[in-house]
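In: how would this look folded up:
(2 chains)
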Protein chains: 2
Amino acid sequence: MSTESGERQLVQWLSRMPATRDPRVRLGIGDDMAVLDSGGRCVLMSSDMLLDGVHFDRTMQTLDAIGYKAIGCCLSDCAAMAVRPIGVTVSLGLPGDWTLEDSKSLYGGMGRACDGHGCTIVGGDTTAWDGRLAIDVAMVAECFPGVAPVRRSGGRVGDRLVVTGRLGGSILGRHMTFPPRVAEARRIVEVLGERVHAMMDISDGLALDLHRLCGASGVGARVSESQLTQVVHDDARELARMDGMPALDHALTDGEDFELLIAIQYDGDVATAVPGVPLWAIGEMVETGLTMVHVDGHEAPLGRRGFEHLR
Amino acid sequence: MSTESGERQLVQWLSRMPATRDPRVRLGIGDDMAVLDSGGRCVLMSSDMLLDGVHFDRTMQTLDAIGYKAIGCCLSDCAAMAVRPIGVTVSLGLPGDWTLEDSKSLYGGMGRACDGHGCTIVGGDTTAWDGRLAIDVAMVAECFPGVAPVRRSGGRVGDRLVVTGRLGGSILGRHMTFPPRVAEARRIVEVLGERVHAMMDISDGLALDLHRLCGASGVGARVSESQLTQVVHDDARELARMDGMPALDHALTDGEDFELLIAIQYDGDVATAVPGVPLWAIGEMVETGLTMVHVDGHEAPLGRRGFEHLR
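Out: A predicted model of the protein is given here:
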């Protein structure tokens, strides 16, 4: 793609395709998972492709770690909708030097990620080629009992914006080891119920993903610099020392945090809103625009910056 | 992988992994689709990865045709289990020269394949990289009303072996344009019911896939040369003229026919067993071994030959 908005163009073009008239598709392209109906039961699916040189680097990371991340990304999709993983299929494009031992390492990491969330590898497809390692994981999930899937599109003016963890600098290592927030998502929705209006996982950077959440919800947002400063990860500060970019900018634009971004209707202290689940407030939803309220009081537009895969 | 049995080694190793204790997984690795249970409903999933230079060639085929094939392979998985497609996710690894027009062509072919089978593209993942085009399609399906999914493992001694179409030479073009046998599979199971003991789609060549069917069913098979000769595709004969390999060998070992291989308990003329669905008998299931009964009466082992992706 020739522009940084290539991915958006593609998704927009896809979303303008003739809408399906199949009542089995409750929610199609544009959210973290698709929601299908099979005989009145809610079935969810998503897929994540990880490519050598983009999402991981075989010369830098172990295949165990790469396998963990591949499953983790799909589990994070489940967290983003507050649903329960069932099974995954794993498709592999394998480079020429691949060995059975490599498979064992990769599947070892995958199994480790699955086990922690009651998920199973149930199938897949494997092909040798002369390209680099390509991994696709497809996930099927179901609703937790009594909990409806949470979409990106339900955010309302006045909602508090909260996140489940500190942000930025994940490239220093956390992007390979993050814990998918599946259990936290379930807990949040069990405790707050319908006060949870919208949710997604932060995979391409807070600023960009917040633009997506606002776009889907048809509202704007105001982020508080002083609140966001509390959520800057130590890794973002370390990266800032290395590259000179402000740590706050790393927290705003670095990809692969895999924390949840949630719009909730809640007046109290969000830090204690869900016992056992750390939450940080970072701002609120407003009628229009996406801005940052700086510590000195001035308000400035928050750019649509972050990691877009098609540039 | 260093040997031609690499794929088998991997699948065998995977199948020896500790069996899941999750009752939601009714059927895991080793069949055409996994069978999951969600609240008593049967949900099926599979994935197929297509790679430039292996399954298609971007310099030879249009992106529309490549898109059609990518969906077609997953639809053929549904046919192999006699189940009904619901939706697919599409993951793409895109090379540097990719354009929005390319996406439109690819998704055009995908939509064409989906539409013919009441299936919908419901999501996916797109990443640009410096590798060649990689496509993964993941499928979610459900049972046709009153029809249980058909596995590979139910073949019994005395079953007739039948196929839904002529075989061999698909590389001359048919491997990009094949019609997935979803409707035929449904019709076969509706008409023959529990007399359909085992089924799979022929993707890696009849000989290899028949070995797989026999292995899963724990029985052997005897293929009739005279019957198989009736099922040799004209493309196999043309290819034989080009490369000197017997047309019958092409029918036995060429990949990507995407016809169904079925073990049925049926004494009559299989050609008329299912009105509207052409079926050809090619042999029968026996206690052990896999052999070909030649026209001159001698019986010889049928090698485990075909297209294995890990060599």
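
In: since we're on the closest residue to chain B within the stretch 151-300 of chain A, how many residues are nearby?
Out: Nearest residue of the stretch 151-300 of chain A to chain B, counting by Cβ to the nearest Cβ: A:Ser203, 10.1 Å away. C-betas here are computed from N, CA, C, even on glycine. A:Ser203 has 21 neighbours, counted by other Cβ atoms under 10 Å in any protein chain shown.

In: same thing with A:Ala300?
Out: 10.

In: And for A:Gly123?
Out: Look at A:Gly123: counted by other Cβ under 10 Å, it has 27 neighbours.

In: Now do the same contact list for it.
Out: By Cβ atoms under 8 Å, 6 or more residues apart in numbering or on different chains, A:Gly123 lies in contact with A:89-90, B:28-31, B:33-34, B:45-47.

In: If we use 6 Å, what do you get?
Out: A:89, B:29, B:34, B:46 (Cβ atoms under 6 Å, 6 or more residues apart in numbering or on different chains).

In: Kindly reformat those as CSV containing neighbour count.
Out: Output for the contacts of A:Gly123, formatted as CSV (neighbours: other Cβ atoms under 10 Å in any protein chain shown):
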residue, neighbour count
A:Thr89, 26
B:Ile29, 18
B:Ala34, 28
B:Ser46, 29
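
In: Report the two of these separated the most.
Out: Greatest spatial distance in the contacts of A:Gly123: B:Ile29 and B:Ser46, 10.9 Å, computed using Cβ to Cβ.

In: the strands in the stretch 51-200 of chain A, which residues?
Out: Assigned by DSSP state E, counting those that start in this stretch, the strands in the stretch 51-200 of chain A fall at A:83-94, A:120-128, A:134-143, A:160-163, A:196-201.

In: so the third one versus strand A:83-94, what angle?
Out: It stands for strand A:134-143. Relative orientation of strand A:134-143 and strand A:83-94, computed by axes from the mean of the first three to the mean of the last three Cα atoms, to 10 degrees: 160 degrees.

In: Next one: the residue of the stretch 151-300 of chain A closest to chain B relative to A:Ala300, how far apart?
Out: The gap separating A:Ser203 from A:Ala300 is 25 Å, by Cβ to Cβ, to the nearest Å.

In: And A:Pro149, by the same measure?
Out: Applying Cβ to Cβ, the value for A:Pro149 to A:Ala300 is 35 Å.

In: Quick one: distance of the strand or helix carrying A:Ala236 to the chain centre.
Out: Here A:Ala236, judged by DSSP states H and E, is contained in helix A:234-243. Relative to its parent chain, helix A:234-243 has a centroid offset of 22 Å by Cα atoms, centre = their mean, to the nearest Å.

In: helix or strand right after it?
Out: Following helix A:234-243 toward the C-terminus (DSSP H and E): helix A:247-253.

In: CA atoms of that following helix as PDB?
Out: Output in PDB follows, covering the C-alpha atoms of helix A:247-253 (Å, rounded to 0.1, in the frame of the first residue of the first chain):
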ATOM      1  CA  ALA A 247       8.100   8.000  27.100                       C
ATOM      2  CA  LEU A 248       4.500   9.300  26.900                       C
ATOM      3  CA  ASP A 249       4.700   9.100  23.100                       C
ATOM      4  CA  HIS A 250       5.800   5.500  23.400                       C
ATOM      5  CA  ALA A 251       2.800   4.800  25.600                       C
ATOM      6  CA  LEU A 252       0.600   6.400  23.100                       C
ATOM      7  CA  THR A 253       1.900   4.900  19.900                       C
END
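
In: what's that helix in contact with?
Out: If you take Cβ under 6 Å, 6+ apart as the criterion, helix A:247-253 is touched by A:167-169, A:205-207, A:232, A:236-237, A:239-240, A:305-306.

In: Tell me which residues are up against whatever helix or strand comes next after that helix.
Out: Next along the chain after helix A:247-253, taking DSSP H and E as the criterion, comes strand A:260-264. For strand A:260-264, contacts defined as Cβ under 6 Å, 6+ apart pick out A:155, A:159-164, A:181, A:192, A:195-202, A:209, A:285.

In: Now strand A:260-264: average pLDDT?
Out: Across strand A:260-264, pLDDT averages out at 98.

In: starting at the chain centroid, how far to it?
Out: The answer for strand A:260-264 is 12 Å, by Cα atoms, centre = their mean.

In: now swap in stretch A:129-138 and tell me
Out: Distance of stretch A:129-138 from the chain centroid (Cα atoms, centre = their mean) equals 21 Å.
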